[in-house]
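S.K.: my questions concern the predicted model and sequence given below.
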Amino acid sequence: MRTVEWVEGGVRLIDQRILPERLETPLYRDYHAVGRAITDMVVRGAPAIGVTAAFGLALAGFQCASSEPAAWQREVQAAANELRQARPTAVNLGWALDRMLKTLAATSGHPVAEARQTLLAEAQAMAEEDIAINRRLGQLGAALIEDGDTIIHHCNTGALAAVDFGTALGVIFTAHAQGKRLHVLVDETRPRLQGARLTAWELKQAGISFDLITDNAAGHFLSTGQVQLCLVGADRIAANGDVANKIGTYPLAVVAHENGVPFYSVAPLSTIDLALPNGAGIPIEERTADEVLGLQIAGAPVAPAGSTARNPAFDVTPHRYLTGIVTEKGVARPPYQHSLARAVNG
Ligand code: MRU
């Protein structure tokens, strides 16, 4: 089953808010609801968000009712503007919509019925490409893993974060399939626990050895020689190699660097934003305080009533803490201005 797919004239998603407790796959027939599903994190993970937005726009193409091509095009463009607002940090969202709008522009003057199918075909192509790219990332990244390695992984970058297979976790799946013995230390990833709920669920199904650790335990494992490699994904990578990823990635990278443990980000080229010279320009989503305060332990809230909280969903890891960035064009190394530009522009 794919994380996102087009079925029966709508967009089907795996509802990631309720995993691993229940596996539910709601079908969306309204593009406004697809946008809300991205905002509410029914679907999450940079590549998955991008393809979901693309299918959402294809859905908008069927919903927009004008039969006159120019009026229909304007309606679809308005839908793209709405979908673009769903979440700010993962550049894959805007990347996917820009690609869909390019396709839309190429259908200018075509009959609406034909243009609708063209938009859907583009979204379908993006979904297939996502899987092929992830398999390539897996092959390239697996070469970084030695037999017997213990790897720290942050957030969820597996099949659930993409259309299928995943990025950093896809590297781990590939190394495992190659017969390498490995062990994964899975950061819980507060506050939404993508590590505990989603990554542990995927690793369990794949039969890969892992232990769940609290996010603040990573330093202990890194400083006592128990970790050989750190693998994370990315939501947006600036031209100089600064990486925005799930909150907690930055301190993990600093401690890995301090202890001489290699730290790689694994991401498709669609996550690289060459328009931003460095990470300072990356918009960091701040989500509701309820995600921090709402956690209960033994049925009781974790903080006194009336407490306030801050909840940035991402942080930026300066490029100096990275050993490399695995893309489908190879492993980019410093200086990233050159290696990333070469990868993106061919
Ligand atoms: O808030 P999320 O769950 O969408 O954040 C996801 C991450 O930060 C992932 O690490 C990133 O998108 C890479 S997923 C292949």
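M.R.: Looks like it came in fine. Numbers count the residues shown, from 1 in each chain.

S.K.: excluding residues flanking it in the chain, which one is nearest whatever residue of the stretch 151-300 of the chain ends up closest to the ligand?
M.R.: Minimum separation of the stretch 151-300 of the chain from the ligand (Cβ to the nearest ligand atom) falls at G233, amounting to 2.6 Å. Quick note: C-beta positions are derived from backbone N, CA and C, even for glycine. Distance criterion Cβ to Cβ, 6 or more residues apart in numbering; nearest residue to G233, sequence neighbours excluded, is T157 at 3.6 Å.

S.K.: what do you get for Y31?
M.R.: A60 (4.0 Å).

S.K.: what number of residues lie near the residue lying closest to L276 once chain neighbours are set aside?
M.R.: Nearest residue to L276 in three dimensions, chain neighbours excluded: A238, at 4.3 Å (Cβ to Cβ, 6+ apart). Burial of A238 is recorded as 26 neighbouring residues (other Cβ atoms under 10 Å).

S.K.: mind giving me the packing neighbours of the one helix or strand A343 maps to?
M.R.: Using DSSP states H and E, A343 sits within helix 336-345. Packed against helix 336-345, as judged by 3 or more Cβ pairs under 8 Å, 6 or more residues apart in numbering; DSSP states H and E, are the following elements: strand 272-273, strand 324-327, strand 330-332.

S.K.: what residues sit buried inside that helix?
M.R.: Neighbour counts using 16 or more other Cβ atoms under 10 Å place Y336, Q337, S339, L340, A343, V344 of helix 336-345 among the buried residues.

S.K.: sheet-wise, list the partners of the lowest-mean-pLDDT helix or strand in the chain with their directions.
M.R.: Every helix and strand in the chain was compared by mean pLDDT, DSSP states H and E; the lowest is strand 296-297, with a mean of 89. Sheet pairing of strand 296-297 (DSSP bridges) gives strand 300-301 (antiparallel).

S.K.: what's the offset of the strand it pairs with from the middle of its chain?
M.R.: Remark: strand 300-301 is offset 31 Å from the chain centroid, using Cα atoms, centre = their mean, to the nearest Å.

S.K.: before we move on, back to that, what residues are up against the residue nearest to G233?
M.R.: G45, G166, T167, A168, L169, G170, T199, L231, V232, G233, V266 (Cβ atoms under 8 Å, 6 or more residues apart in numbering).

S.K.: hmm, the first one is touching N245, no?
M.R.: No. Distance between G45 and N245: 10.9 Å, which falls outside the contact criterion (Cβ atoms under 8 Å).

S.K.: who touches both of those two?
M.R.: Joint contacts of G45 and N245 (Cβ under 8 Å, 6+ apart) are G233.

S.K.: mind checking how far A115 is from A125?
M.R.: 16 Å (Cβ to Cβ, to the nearest Å).

S.K.: between the two, which one's more packed in?
M.R.: Counted by other Cβ under 10 Å, A115 and A125 do not tie: A115 has more neighbours, with 21 against 13.

S.K.: how about the residue nearest to the more buried one when sequence neighbours are not counted, phi and psi?
M.R.: The shortest distance from A115 to any non-neighbouring residue, by Cβ to Cβ, 6+ apart, is to T107 (3.8 Å). The phi/psi pair for T107 (degrees, to the nearest 10) reads phi -90, psi 0.

S.K.: so what's T107 up against?
M.R.: P69, Q73, E114, A115, T118, L119.

S.K.: ok, so of the residues you listed, who is nearest the ligand?
M.R.: L119 (24.6 Å).

S.K.: host element of the closest one?
M.R.: Per DSSP H and E: helix 112-142 holds L119.

S.K.: starting at the chain centroid, how far to that helix?
M.R.: Counting by Cα atoms, centre = their mean, helix 112-142 comes out at 15 Å from the chain centroid.

S.K.: can you pull the contacts of the residue lying closest to A313 once chain neighbours are set aside?
M.R.: Nearest residue to A313, sequence neighbours excluded (Cβ to Cβ, 6+ apart): E285, at 4.4 Å. By Cβ under 8 Å, 6+ apart, the contact set of E285 is R87, P88, T89, P312, A313, F314.
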